[in-house]
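**Student:** Show me the folded form of this:
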Amino acid sequence: MEGLINNINRRTLLKGGAALGGGIVAGGMPLSQVIWAAEGKVLKVAIEANFVSLDPGFYTTSYEVDVINCLYSKLTHFKPGSEWRWDLDATEKLDQVDPTHIRFRLKKGIKFTGGYGEMTAKDVKFSFERIVKHNYWTTGELGPLDHVEIEDDHTGVIVYKTPFVPAWYVSFPYATGHIVSEQAVMKATKDGGNFGMNPPAFSGPYVLAEWKQNQYTLLTRNPDWSGPKPGFDEIRIIPIIDIKTAERAYQAGDIDFATIGPDSLATFKSNPPPDTKVEAHPSLHYLWLGMNMDNPQLKDINVRKAIQWAINVPQVVDTAYGGQANVATGTIPPGIIGHREKALIPPEGDLAKAKEFLDKAGVRDLQLTLDCDNIGIASIMAQTIQAQLSQIGITVQVNAQDPASFWTIGQESAGDRWKNLQLFIRNDNGLPDPFYFMGSTSDQVGIWNWERFRSDRYDELNAKAKGVEDPNERAKLYYEMQDLVEESGAYRFLTHGVTPVVYRTTKIQAATRPDGIPLYVDFKPTSA
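**Tutor:** Numbers count the residues shown, from 1 in each chain. I've put the predicted structure just below:
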């Protein structure tokens, strides 16, 4: 399941976005003419995706979670800053009773809108168990959840089948930790399933006031909210899929916070727009070159090792990121338990060694395909790798394709294309727990394990690591897991990228997670 989680967030940039005229236009109408609520303290932001669901149990993109954070209360929340920390949110107490039991006590007085009353332990039970019942992919974020026991109106116990340490940095502070109203959701959906873009009740500092598909989303203050007052009266969100369009929209003054392209970071740093703060955050993305071990051309480990050693990773990363990102040492990024100080293969590789492996395989004039998405970074990397492999006599055809096509290419459920898959570049996203970066399990072969890597030892370590509380002991298990996949020859780790953001200092004090992801409820106006 983790492999599925690892990749689902890359299925975000699949649909069209806003266009750009004199300013952003929404559905053919200039943004300045969109009828908003009364003017007050307003936060205007761009998001790189269109919304499909604002249901915390059934979200489809990480961008939806950025908005979901504003609409519902959850067990805990990430704190803004440069270090990964969390704090209590809807709970006043949250304790690990034993390895498989976590007791919570809700704060009193958290109200659902629409007359659905106070949040209770029954709502927590419903919110967690409905995800498992419907077996949506987010079930993986809840790990081996068994059920939730209710002790009284505000107290309950979350029960796991086996210990699940990632709950503290995945289940509780991210999407699945949000609590929805059982009464409201059952009335709206009949079976407790996905309510999509029609939330029946809210419990956070904001409510969804208006949403126009592919145009804009408007959040306004929740009149029933009794917690800390958020900084803005409104949050106006514009979907701008193309990052260059978002950059121009920021420069035109249409938005006050945006993510910019890594290739633009150096320019923004050296010549920022007026009153602009430019920040570069270490990303939780992880990019790598993978190889389908079951493909006849790549069955020989010597061929795979030749490819690993022929790739000069710093050159690939610098070309794609303009010198603004670092090379990866494995799947786990810096700052997360299990991050390796260095990879087994030197980042620069070694062409002579690569040729030795090809000679050992007895291969000449090898021709391979390299698949990637056509969004930008991956295709640039692919072209650099294509040139590098040509130096050892391997001819590579790059197939850059629409993300909707690319993200099904290694999945058996999508047809037989996986059989012809050879080399590919993946750009996946994670959360601040190492389990989120371990998608190479045997049960994910043909789903998200496109390398078709199989290792009983890897599976054993993966199962064990989720229940180890000591961070040092846990890290050792993840070190070995990354060694195993690298030793298979089917992986060449590239980078974790970078998240560059810009915001207007005359209007906002931005608040982000350590990886640059915005926490809108913690944004403040500069006049506050």
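**Student:** Sort out which residues of stretch 322-329 are buried, please.
**Tutor:** Neighbour-count burial for stretch 322-329, counted by 16 or more other Cβ atoms under 10 Å, picks out 324, 325, 326, 327, 328, 329. The way it works is simple: take the backbone N, C-alpha and C, and place the C-beta from them, glycine included.
**Student:** Give me the nearest residue to the fifth one, chain neighbours excluded.
**Tutor:** What sits nearest to residue 328 in space, not counting adjacent residues and going by Cβ to Cβ, 6 or more residues apart in numbering, is residue 493, at 4.1 Å.
**Student:** The one you found is in contact with residue 486, isn't it?
**Tutor:** Yes - taking Cβ atoms under 8 Å as the definition, residue 493 is a contact partner of residue 486 at 7.4 Å.
**Student:** any shared contact partners between these two?
**Tutor:** Here residue 493 and residue 486 share the contacting residues 330, 343, scored by Cβ atoms under 8 Å, 6 or more residues apart in numbering.
**Student:** rewinding a little: quick one: the residue nearest to residue 328 is in a strand?
**Tutor:** Yes - secondary structure of residue 493 (DSSP: H, G, I helix; E, B strand; the rest coil): part of a strand.
**Student:** what about it, how many neighbours?
**Tutor:** If you count neighbours by other Cβ atoms under 10 Å, residue 493 ends up with 26.
**Student:** Tell me, what's the model's pLDDT at it?
**Tutor:** Per-residue pLDDT puts residue 493 at 98.
**Student:** Need the nearest residue in space to residue 522, chain neighbours excluded.
**Tutor:** residue 511 (3.5 Å).
**Student:** roughly how far apart are that neighbour and residue 230?
**Tutor:** Computed with Cβ to Cβ, to the nearest Å, the distance linking residue 511 and residue 230 is 11 Å.
**Student:** Regarding residue 69, what is its secondary structure?
**Tutor:** Put simply, residue 69 is helix when judged by three-state DSSP.
**Student:** show me the contacts for it.
**Tutor:** Contacts of residue 69 were listed using Cβ under 8 Å, 6+ apart, and they are 77, 178, 204, 519, 520, 521.
**Student:** Now for the second one: which residues touch it?
**Tutor:** Contacts here follow Cβ under 8 Å, 6+ apart; on that basis residue 178 touches 56, 68, 69, 72, 73, 74, 127.
**Student:** With the last one instead?
**Tutor:** Applying Cβ under 8 Å, 6+ apart to residue 521 gives the contacts 69, 70, 204, 205, 206, 230.
**Student:** If we use 7 Å, what do you get?
**Tutor:** By Cβ atoms under 7 Å, 6 or more residues apart in numbering, the contact list for residue 521 reads 69, 70, 205, 230.
**Student:** The third one too?
**Tutor:** Counting by Cβ under 7 Å, 6+ apart, residue 204 touches 70, 71, 72, 73, 222, 225.
**Student:** try 10 Å this time
**Tutor:** 68-74, 89-90, 110, 113, 178-179, 219, 222, 225, 227, 230, 521 (Cβ atoms under 10 Å, 6 or more residues apart in numbering).
**Student:** residue contacts, the residue lying farthest from the centre of the chain?
**Tutor:** Going by Cα atoms, centre = their mean, the residue of the chain most distant from its centre is residue 362, 41.1 Å out. Residues in contact with residue 362 (Cβ under 10 Å, 6+ apart) are 300, 302, 303.
**Student:** nearest residue to residue 93 other than its sequence neighbours?
**Tutor:** residue 105 is the one closest to residue 93 (Cβ to Cβ, 6+ apart), at 4.3 Å.
**Student:** what helix or strand does residue 128 sit in?
**Tutor:** Assessed by DSSP states H and E, residue 128 sits inside helix 121-134.
**Student:** following that helix, which helix or strand shows up next?
**Tutor:** Note on helix 121-134: by DSSP H and E, the next helix or strand toward the C-terminus is strand 145-150.
**Student:** got a list of contacts for the helix or strand that comes right after that next one?
**Tutor:** As assigned by DSSP H and E, the chain's next helix or strand after strand 145-150 is strand 155-160. Among residues not part of strand 155-160, those counted as contacts by Cβ under 10 Å, 6+ apart are 75, 91, 93-97, 99-106, 120-125, 128, 142-151, 164, 167, 171-172, 466-467.
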